[in-house]
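Have a look at this fold, sequence not included:
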């Protein structure tokens, strides 16, 4: 099964860290975005299996981007990866539709485990 990931963060070094961890976990990186507007456009164009999303970005913040992604695909699997450790903002992200969140700096194993929850085979129940 293909595991296609869109990585969104305004910091290049964080995008690289996420991509390296995801690739090691068997994910294919299909795109990346450096702000919320790019994230929504890339999500709609690429239709990835999952995406990572920072909350604090220029031009179009993560919550706004999350709303746009969820409007485009109510089943989107979005992992918030943010240094923003504010319970109310994280709670809002989960209410909008984020599937999970991890706080930066993140542990590579935790990142991969969070992404893997998105692609657990569910077709076994249908057999």
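In hand now; what should we look at? From a predicted model like this one, the values you see are computed outputs, not experimental measurements.

and the spatially most central residue of the chain, what does it touch?
Central residue of the chain (CA atoms, centre = their mean): residue 52, 1.8 Å from the mean position. By CB atoms under 8 Å, 6 or more residues apart in numbering, the residues touching residue 52 are 5, 6, 7, 8, 9, 18, 78, 79, 80, 81, 115. Backbone N, C-alpha and C define where each C-beta goes, glycine included.

so when I look at the third one, I'm seeing a strand, right?
Yes: read with DSSP: H, G, I helix; E, B strand; the rest coil, residue 7 is one of the residues of a strand.

Pull the number of nearby residues for the nearest residue to it once chain neighbours are set aside.
Spatial nearest neighbour of residue 7, chain neighbours left out: residue 32 (4.5 Å); criterion: CB to CB, 6 or more residues apart in numbering. Residue 32 has 20 neighbours, counted by other CB atoms under 10 Å.

Surely residue 32 is in contact with residue 8?
Yes: counting by CB atoms under 8 Å, residue 32 touches residue 8, with 6.9 Å between them.

hey, what's in contact with both of these two?
Listed as contacting both residue 32 and residue 8 by CB under 8 Å, 6+ apart are 15, 42.

State the mean pLDDT of the host helix or strand of the residue nearest to the centre of the chain.
In this structure, residue 52 sits in strand 50-53 according to DSSP states H and E. Confidence over strand 50-53 (mean pLDDT, whole number) is 98.

so what does the following helix or strand past it touch, helix or strand wise?
Downstream of strand 50-53, the first helix or strand assigned by DSSP H and E is helix 62-72. Using 3 or more CB pairs under 8 Å, 6 or more residues apart in numbering; DSSP states H and E, the elements in contact with helix 62-72 are helix 36-46, strand 50-53, strand 78-82, helix 87-96.

coming back round to it: which neighbours does the one helix or strand the residue nearest to residue 7 maps to have in its sheet, and in what orientation?
Using DSSP H and E, residue 32 sits in strand 28-33. Neighbouring strands of strand 28-33 in its sheet, by DSSP bridges, are strand 4-8 (parallel).

Give me the contact list for the partner strand.
By CB under 8 Å, 6+ apart, strand 4-8 touches 15, 18-19, 22, 27-34, 36, 38-39, 42-43, 46, 48-54, 57, 62, 65, 115.
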